[in-house]
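Enquirer: Predicted model and sequence follow; I will ask about them next.
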Amino acid sequence: MMPARTHPSSDDPLTRALNDSIGEESDAERDLRLKKEIEARVLSDTIDEAIKQEKAILKKQRPVKILLLGKSTALKNFQIIHTPQAWAAERISWRTVVQLNLIRSVRIILETILNSQSFSSRRHSLPLSTSPERSHSPPPPITFRQRYIELEGRLRPLLAIEDSLIQRLAPDNETGEPTTNRLSPHPQKLREISVNALSSWKNVLSKLVNGEGSSGDCPSSYKDPISGLIASMKQDIRTLWTDPEVRSVIQRSKLRIEDLPGFFLNDLDRIASPDYMPSDDDVLKARLKTVGVTEYRFTRETPNMFGSDWRIYDVGGSRTQRAAWAPYFQDVDAIIFLAPISVFDQVLVEDPGVNRLEDTVLLWKQVCSHPFLKKCNIILFMNKTDLMAKKLESGIRLNRYIPSYGERANDFKTASSYLQRKFQVIFNANSPEPRQFYCHMTSLTDMHASAKVIASVTYGTGR
């Protein structure tokens, strides 16, 4: 039996909405409706604006996260600019690092001489050491080997104190390098001293500068034994560095010691003073490799659009440290990528078959294409511009190491512009989404030159 057909009820809201028989809206009803719609829109806009402001506040309350890929010198720049009082207290502890760098340069020169042909064959009539007392008969010629042995014997306490510093700052399992005051048969293969970022190496430095070190080889009148030893040997160090034949040996060995990180022999008179205090530029030049991730926190006194609380993570740039990067890619606001463009004629310590600049370019490509970083600002620092300019001026040809450079002018302006275009092409071709290319030419060991660049990153958007 079919159910009885029913007529739609006038109480059904759908029926009422579709029923054309309902009378038209009066003018008063229309005015009231429009008034309510306007009020509703105003309320909705007010709520939307409040949500927007709340999001902005939450964003500023969330720390700004910056990742440094490549060089801890950039971290020092941030500390100097944004936490000057804390930096002033820490700077004195870097005196020991500068002194360690100075001693290390002495060791490298001594080892270079030891392994040179001049050590076994050359003779020279001018003594490397202090002139002997005048006598009626001229002294016999002294061989280069004899002069070296005398000077090396007087400088040996420096090597001993270097070993002591290495043992205190970084045990063997951290440096990967044996500590011995014996000279190496392979001076240019000497590995860097490394300290673990999580260790207490800064506390060790503070104790050393406060006179808590120990050495029986320095004058007892000095509170700091390291400063005392260096001051007492200043003349011998100067003799080693300024002797013409030593310079000739260094040149023939193709050792560009002045281009090595942590080179301070040209500042010997200042650093060998018992009252020596490192400047900001000294600390920026000082070299002490850190292994592991270093976190640096600071609060800006005048918050900008990014907020006031900042977290900077220095994750290092060597191949052995890159595995630690991935966990820091998520939630990062910007990456500062340090590309040392002066290394175009150098190879990796880890893999001598790979050019260092080529390795940097390949790493740049990986970072630009990483899916986790598609929304992230990437700021390129083409660093060590001063060293690159010196190399090009000395006659080192860029096209010998980068054939694609062709016959372009071998000057810094042309070469740096060429490399910048290469980095930009890679950036544009490999970014998952279109984004702004930020690039700065930098020399981070020069505080005056790098201050504006660092400020532009933290006070602006990286431009």
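Expert: On my side now, so go ahead.
Enquirer: Which residues are in contact with Ala449?
Expert: Thr442, Ser443 (C-beta atoms under 8 Å, 6 or more residues apart in numbering). Glycine gets a C-beta too; all of them are placed from N, C-alpha and C.
Enquirer: now swap in Glu433 and tell me
Expert: Lys374, Lys375.
Enquirer: part of a strand, is it?
Expert: No. When classified by DSSP: H, G, I helix; E, B strand; the rest coil, Glu433 is found to be coil rather than part of a strand.
Enquirer: Need phi/psi at it.
Expert: Main-chain dihedrals, Glu433, degrees, to the nearest 10: phi -130, psi 150.
Enquirer: and if you look at Val349?
Expert: Note on Val349: backbone dihedrals following degrees, to the nearest 10 are phi -70, psi -40.
Enquirer: now do Phe337
Expert: Residue torsions, per degrees, to the nearest 10, at Phe337 are phi -100, psi 120.
Enquirer: could you pull out the strands for the stretch 101-250 of the chain?
Expert: Per DSSP state E, counting those that start in this stretch, the stretch 101-250 of the chain carries strands over the ranges 123-124, 142-143, 194-196.
Enquirer: What residues of the last one count as buried?
Expert: Counting neighbours by 16 or more other C-beta atoms under 10 Å, one finds that the buried residues in strand 194-196 are Ser194, Val195.
Enquirer: Averaged pLDDT, it. What do you get?
Expert: For strand 194-196, the mean per-residue pLDDT is 72.
Enquirer: That one pairs with which strands, parallel or anti?
Expert: strand 289-291 (parallel) (DSSP bridges).
Enquirer: If you count neighbours, what's buried in the strand it pairs with?
Expert: Buried-residue list, strand 289-291, by 16+ other C-beta under 10 Å: Lys289, Thr290, Val291.
Enquirer: just stretch 73-86 next, same as before
Expert: Buried-residue list, stretch 73-86, by 16+ other C-beta under 10 Å: Thr73, Ala74, Leu75, Lys76, Asn77, Phe78, Gln79, Ile80, Ile81, His82, Thr83.
Enquirer: so can I have a markdown table of those residues showing distance to Leu357?
Expert: Output for the buried residues of stretch 73-86, formatted as a markdown table (distance: C-beta to C-beta, whole Å):
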| residue | distance to Leu357 |
| --- | --- |
| Thr73 | 18 |
| Ala74 | 19 |
| Leu75 | 23 |
| Lys76 | 24 |
| Asn77 | 23 |
| Phe78 | 25 |
| Gln79 | 28 |
| Ile80 | 28 |
| Ile81 | 28 |
| His82 | 31 |
| Thr83 | 33 |
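Enquirer: closest to Asp27 among these?
Expert: For Asp27, the nearest member of the buried residues of stretch 73-86 is His82. The distance, counting by C-beta to C-beta, is 65.1 Å.
Enquirer: Please name the residues that touch the closest residue to the closest one other than its chain neighbours.
Expert: Once flanking residues are discounted, His82 sits nearest to Phe298: 4.6 Å by C-beta to C-beta, 6 or more residues apart in numbering. The contact partners of Phe298, taken as C-beta under 8 Å, 6+ apart, are Phe78, Gln79, His82, Thr83, Trp310, Ile312.
Enquirer: again, only this time at 7 Å
Expert: By C-beta atoms under 7 Å, 6 or more residues apart in numbering, the residues touching Phe298 are His82, Thr83, Trp310.
Enquirer: ok, back up a step: okay, the buried residues of stretch 73-86 in CSV with secondary structure, distance to Lys391 and pLDDT next?
Expert: Shown next, in CSV, are the buried residues of stretch 73-86 (DSSP: H, G, I helix; E, B strand; the rest coil; distance: C-beta to C-beta, whole Å; pLDDT from 0 to 100):
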residue, secondary structure, distance to Lys391, pLDDT
Thr73, helix, 19, 80
Ala74, helix, 22, 83
Leu75, helix, 26, 83
Lys76, helix, 24, 85
Asn77, helix, 23, 84
Phe78, helix, 28, 83
Gln79, helix, 29, 82
Ile80, helix, 27, 83
Ile81, helix, 29, 81
His82, helix, 33, 80
Thr83, coil, 34, 80
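Enquirer: gap between the residue lying closest to Glu152 once chain neighbours are set aside and Ala286?
Expert: Spatial nearest neighbour of Glu152, excluding adjacent residues (C-beta to C-beta, 6+ apart): Leu110 at 5.6 Å. Using C-beta to C-beta, to the nearest Å, we find Leu110 at a distance of 21 Å from Ala286.
Enquirer: ok, now Thr414?
Expert: Applying C-beta to C-beta to Thr414 and Ala286 gives a distance of 32 Å.
Enquirer: higher neighbour count, these two?
Expert: Neighbours per residue (other C-beta atoms under 10 Å) separate Thr414 from Ala286, with Ala286 holding more: 23 against 14.
Enquirer: so who does the nearest residue to that one once chain neighbours are set aside touch?
Expert: Leaving aside its chain neighbours, Ala286 sits nearest to Val97 (4.6 Å; criterion: C-beta to C-beta, 6+ apart). Residues in contact with Val97, defined by C-beta under 7 Å, 6+ apart, are Leu205, Ala286, Leu288.
Enquirer: Now name the helix or strand holding Val97.
Expert: helix 95-114 (DSSP states H and E).
Enquirer: what do you get for Leu387?
Expert: helix 385-393.
Enquirer: Outside of that helix itself, list whatever touches it.
Expert: Residues contacting helix 385-393 (C-beta under 7 Å, 6+ apart): 259, 341-342, 345, 398, 410-412, 415-416, 441-443, 446.
Enquirer: Narrow the residues you listed to those in strands?
Expert: Met441 (DSSP state E).
Enquirer: What's the biggest helix in this protein, counting residues?
Expert: Determined from DSSP state H, the single longest helix within the chain is helix 27-61.
Enquirer: Downstream of it, the next helix or strand is which one?
Expert: Assigned by DSSP H and E, the successor of helix 27-61 is strand 64-69.
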